[in-house]
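Structure, please.
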Amino acid sequence: MCPEKCFDNTVIVVQGHNYTFFSNGIYLCAELMNSFNIVLVVPQSFSSDKRFLKICELLNFHEVVYFPSNSYVSLDKRDLFYGANVLKQFFHQKAYSEISKKLMLQYRPIAVVQHDYIHIENFYFFYWAKRLLKNCKKIVVLSTAPSNERT
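Coordinates of the predicted model:
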């Protein structure tokens, strides 16, 4: 059974760095919109980016969801003590899990498309998709060159 707000043919797109969104994520979303309802999930830092907000107006995403992140901001805007603050990290992890589970239950997407696999929020989206929706496709788009040794 589909919940009240379930939409057929919904795809959740989880985006990370703004440079990957503006280099190819925008085109990926535009192409997917021809056939699917798109729920775009992006770091909180996107919410103050005027270019991004203009794109949202033009593309008319079904929903844009923001998640807390210390990874996708410039060095001068990073929380310097984030790595040492285990409690803050725990609450970010909890938020990632809650956001991804809620979206899986709300939209019952046919696919989750993610920008790459090196940041933790991606694990939560794939985990809840696998746990709650057996037929949901889990797709990783490696759109840029490896950015660090973890890749």
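
Please make it C-alpha for all contacts and neighbour counts, starting now.
Will do.

correct me, but Ser100 touches Phe125?
Yes - in this structure Ser100 lies within contact range of Phe125 using Cα atoms under 8 Å: 5.1 Å.

Just give me how far stretch 107-118 sits from the chain centre.
Centroid separation for stretch 107-118 versus its chain: 7 Å, with Cα atoms, centre = their mean, to the nearest Å.

May I see the buried residues of that stretch?
Tyr107, Arg108, Pro109, Ile110, Ala111, Val112, Val113, Gln114, His115, Asp116 (16 or more other Cα atoms under 10 Å).

Contact partners for the fourth one?
The neighbours of Ile110, taking Cα atoms under 8 Å, 6 or more residues apart in numbering as the test, are Asn9, Thr10, Val11, Asn135, Cys136, Lys137.

I'd like to know how many residues surround the first one.
In terms of burial, Asn9 registers 14 neighbours under the definition other Cα atoms under 10 Å.

And the one 10 residues further on, by the same measure?
The local packing count at Tyr19 equals 11, with neighbours defined by other Cα under 10 Å.

ok, then the element right after whatever helix or strand it lives in?
According to DSSP states H and E, Tyr19 maps onto helix 18-20. Once the chain leaves helix 18-20, the next helix or strand it forms, by DSSP H and E, is helix 26-32.

So in that sheet, which strands flank the next helix or strand after that following helix, and in what orientation?
Using DSSP H and E, the next helix or strand after helix 26-32 towards the C-terminus is strand 37-43. Sheet pairing of strand 37-43 (DSSP bridges) gives strand 10-14 (parallel), strand 63-67 (parallel).

Perfect, I'm done here.
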